[in-house]
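[1] Okay, sequence plus prediction incoming.
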Amino acid sequence: MNPDYNAPPPGPVIGSDRITSLDLIRGVAVLGILLMNAVSFKLGFAPYFNLSAGGSETWLDWAIGVFGEIFVDQKFMGLFSLLFGAGIMLFIERAETRESHPVLLNVWRNVLLLGIGTLHMLLWDGDVLMVYALSAFSLVALRKLSPRPLIAIGGLIFLLSALGSLLLQYIANTTKASLAGIWESADASANSSSPAVTDGIMEGLFLTEFFLRGLGLILMGAGLYRLGFMNGSMTTKTYKLTAAAGLGFGLPLAVAGVIVTALGDYSQEVAFVGQVSNTLGTIPASLGYMSLIILWDQRGSNWLKRRLMAAGRMALTNYLSQTILGVLILTVLLADIAVNRSGILLFCLVVWILQLWWSQAWLNRFRFGPAEWLWRVATYRRGQRLRRA
């Protein structure tokens, strides 16, 4: 007899079974990620890393850029990555009570995510889903570790990403390679005398900026989830102290990174070294933000909180739709129109309003977001009821 016949059918986590703090954190994170990604939709990757490389035409643009470097850059992706690690552990825990092969099911689920990320990469090469999917395999292998070793290993890998940035800076400075497309305009590649080195730096940037950092945060997120930090089970005092210490330590590190880069006149000699302190501040700042959100979740419900939770439940749909809207509007329709950072911020605000509206409206009628539903159907390889009864 097939043991799956006796297992309850997979269904959405609803009502009191949902961990509301995770939905709320995820909703805040996915909207915050747009602030990071929208710059590259219109201006490319160099202005994302380098405020002087484009889009900073007025004092308001510079203020928006500096604000983003301190309060947004890396922090919301940090939140999202920590949550992804928690989500993997949550999926495995719940699958173990319902499925005969929960680990294989999780591996298959992340193979599908890798496919989604690959398709997303064809639309925009800043995709993070592929990194998450690849990192998930490492977490599955380490899933039996207790929380503190998971956090320690994740922290060590994350630290390697910061050290990798220093190595990239050393290579760039000693080879005098062009950082076209990374720190300078892509047009600067015409002046590069060492394109092979530039390509190597690009590959190293992916390894340090995306993969190692993402993997480290995902492992830490899994450990923090197992400690009960993300579900709000710790004391109010713990979250208040974490918020104060995390933001009090993480944000000054981000400020230091901005100062180092500015004192270096935004030259390529400080391209990566200026990012190191911001990277080191990511974990404490992200945990500080997370603590504030959990404290907010413990208060009474309101319309904004409900809509953010809905956006969090549709995080995959919203993440993909941000790219579709960004590429369609900023990259294609406004291709010949100059848009600076203040204009990009306006775009983000409009998309936020749309996503807060449609997430709640959709989930009032349906049980899953559209991308979440397709992913779920493919994961379990059987139909899932979409419309609410």
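    Yep, it's here. All figures in this text were calculated on a predicted structure; none of them were measured in a lab. Numbering: from 1, shown residues only.

[2] helix/strand/coil for Gly300?
    Secondary structure, DSSP: H, G, I helix; E, B strand; the rest coil: Gly300 is coil.

[3] Please give the element, helix or strand, for Leu167.
    For Leu167, the element it lies in under DSSP states H and E is helix 147-175.

[4] Now do that helix, average pLDDT.
    Helix 147-175 shows a mean pLDDT of 91.

[5] Who are the packing partners of it?
    helix 195-205, helix 213-227, helix 273-280, helix 282-297 (3 or more C-beta pairs under 8 Å, 6 or more residues apart in numbering; DSSP states H and E). Glycine gets a C-beta too; all of them are placed from N, C-alpha and C.

[6] closest one to Ala152 among those?
    helix 213-227 (8.1 Å; C-beta to C-beta).

[7] Which elements pack onto the closest one?
    Against helix 213-227 (3+ C-beta pairs under 8 Å, 6+ apart) you get helix 75-96, helix 129-141, helix 147-175, helix 282-297.

[8] Buried residues, whatever helix or strand Thr261 lives in. List them.
    Element membership for Thr261 (DSSP H and E) is helix 236-263. Buried residues in helix 236-263, counted by 16 or more other C-beta atoms under 10 Å: 239, 242-243, 246-247, 249-251, 253-258, 260-261.

[9] What of stretch 358-371?
    Judged by neighbour count using 16+ other C-beta under 10 Å, the buried positions of stretch 358-371 are 358-360, 362-363, 366-369, 371.

[10] Please apply the same query to stretch 98-108.
    Across stretch 98-108, burial judged by 16+ other C-beta under 10 Å covers 99, 102, 105-106.

[11] Check the residues you listed and tell me the two furthest apart.
    Top of the distance list for these (C-beta to C-beta): Glu99 and Asn106, 9.4 Å.

[12] one step back: give me whichever of the helices and strands packed on helix 147-175 is most buried.
    Compared across the helices and strands packed on helix 147-175, helix 213-227 shows the largest average neighbour count, a mean of 26 (mean count of other C-beta atoms under 10 Å).

[13] Alpha carbons of that helix, as CSV, please.
    The C-alpha trace of helix 213-227 is given here as CSV (Å, rounded to 0.1, in the frame of the first residue of the first chain):
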residue,chain,number,x,y,z
ARG,A,213,26.2,35.9,2.5
GLY,A,214,22.9,34.3,1.5
LEU,A,215,24.0,30.9,2.7
GLY,A,216,25.3,32.2,6.0
LEU,A,217,22.1,34.1,6.7
ILE,A,218,19.9,31.1,5.8
LEU,A,219,21.8,28.9,8.2
MET,A,220,21.5,31.5,10.9
GLY,A,221,17.8,31.9,10.2
ALA,A,222,17.2,28.2,10.6
GLY,A,223,19.0,28.3,14.0
LEU,A,224,17.1,31.3,15.2
TYR,A,225,13.8,29.8,14.2
ARG,A,226,14.6,26.7,16.2
LEU,A,227,15.5,28.8,19.2
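
[14] what two of the buried residues of stretch 358-371 have the greatest distance between them?
    Gln360 and Ala371 (16.6 Å).

[15] For stretch 35-42, which outside residues touch it?
    47-48, 55, 68, 72-73, 76-77, 124, 126, 322-323, 326-327, 330-331, 334, 339, 341, 344-345, 347-348 (C-beta atoms under 8 Å, 6 or more residues apart in numbering).

[16] scratch that, stretch 133-150
    Stretch 133-150 has contacts (C-beta under 8 Å, 6+ apart) with 84-85, 88-89, 92, 103, 106-107, 110-111, 113-114, 117, 153, 211, 214-215, 218-220, 222-224, 226-227.
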